[in-house]
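Visitor: This is a predicted model, with the sequence first.
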Amino acid sequence: GQNIDQPTEMTATEGAIVQINCTYQTSGFNGLFWYQQHAGEAPTFLSYNVLDGLEEKGRFSSFLSRSKGYSYLLLKELQMKDSASYLCAVNGDYKLSFGAGTTVTVRA
Amino acid sequence: EAGVVQSPRYKIIEKKQPVAFWCNPISGHNTLYWYLQNLGQGPELLIRYENEEAVDDSQLPKDRFSAERLKGVDSTLKIQPAELGDSAVYLCASSSYINNSPLHFGNGTRLTVT
């Protein structure tokens, strides 16, 4: 099975930066995804990492270290609309498992 | 492109009653997933289809849950009989292939069992 850990909640101020960490244990690692989920809505894809390093996509960046079983999602220039749950998902042995999600609250 | 379509959006039933959820994936996506999501938790896989074949149903409670994907397109998930603990959001997702293609989720069906 897979074990995925991420903080339950984080709060930050509009315009600031927030880093959401995800640690995982899995066999047959085959990629890590980050999804955003607003309350009452479907998860939407944000980023994908399969090799070590940083992937940048606009205000969002995602980092992966396979040897450490660690990833983070970096949200820059926070906006109120970024208030949502952020889900870390790991593909291990071609099975995608999700963490419980980190609820980010952006305050004015 | 049209997204993943699920219906109904909400369903309220009494325990011991049957219920069915329907999903239409994105056109051309051969992989279809049913996930269950409880409040404050991440989605949990129930079943994964590659075309018509259920390739991973290890987490599906087969005593009361069943699923089908006839013709490798639309899919139906059924619960019979429903229990109070089945109250959750049932999400359908599709992808073009499993390895590194992101999942596209539907808006889900929120089931309440009373």
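Guide: Cool, the structure landed.

Visitor: Can you name the residues of chain A that neighbour chain B?
Guide: Counting by CB under 8 Å from any CB of the partner chain, the positions of chain A adjacent to chain B are A:4, A:30-31, A:33, A:41-45, A:48, A:50, A:87, A:89, A:91, A:94-101. For the C-beta atoms, the positions are set from N, CA and C on the backbone; glycine is no exception.

Visitor: All the strands of chain B, residue numbers only.
Guide: B:5-7, B:10-13, B:19-24, B:31-37, B:44-50, B:53-56, B:65-68, B:75-79, B:88-95, B:104-105, B:109-113 (DSSP state E).

Visitor: out of the ones you listed, nearest to chain A?
Guide: Of all the strands of chain B, strand B:104-105 sits nearest to chain A, with 3.8 Å by CB to the nearest CB.

Visitor: Averaged pLDDT, the closest one. What do you get?
Guide: What strand B:104-105 shows for mean pLDDT is 96.

Visitor: Now tabulate the strands of chain B in TSV and tack on distance to chain A and mean neighbour count.
Guide: Formatted as TSV, the strands of chain B follow (distance: least, CB to the nearest CB, whole Å; neighbours: other CB atoms under 10 Å in any protein chain shown):
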stretch	distance to chain A	mean neighbour count
strand B:5-7	9	17
strand B:10-13	11	14
strand B:19-24	12	19
strand B:31-37	8	24
strand B:44-50	7	20
strand B:53-56	7	13
strand B:65-68	17	17
strand B:75-79	16	19
strand B:88-95	7	24
strand B:104-105	4	22
strand B:109-113	8	18
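
Visitor: Point me to the residue of chain A nearest chain B.
Guide: Proximity to chain B, evaluated over chain A using CB to the nearest CB, is greatest for A:F98 at 3.2 Å.

Visitor: for the nearest residue to that residue once chain neighbours are set aside, what are its contacts?
Guide: The shortest distance from A:F98 to any non-neighbouring residue, by CB to CB, 6 or more residues apart in numbering or on different chains, is to B:G42 (3.2 Å). Going by CB atoms under 8 Å, 6 or more residues apart in numbering or on different chains, B:G42 touches A:4, A:87, A:89, A:98-101.

Visitor: In strands only, show me the residues you listed.
Guide: Among these, the members falling in strands (DSSP E) are A:4, A:87, A:89, A:98.

Visitor: what about burial for those, which qualify?
Guide: Neighbour counting with 16 or more other CB atoms under 10 Å in any protein chain shown marks A:4, A:87, A:89, A:98 as buried within the ones in strands among the contacts of B:G42.

Visitor: related to what we said a few turns ago, pull out the buried members of the residues of chain A next to chain B.
Guide: For these, buried by 16+ other CB under 10 Å: A:4, A:30-31, A:33, A:42-45, A:48, A:87, A:89, A:91, A:95-101.

Visitor: Any figure for the gap between the residue nearest to B:S101 when sequence neighbours are not counted and B:Y10?
Guide: Distance criterion CB to CB, 6+ apart; nearest residue to B:S101, sequence neighbours excluded, is B:S95 at 4.4 Å. Applying CB to CB, to the nearest Å, one obtains 26 Å for the distance of B:S95 from B:Y10.

Visitor: do A:N3 as well
Guide: Distance, A:N3 to B:Y10, by CB to CB: 33 Å.
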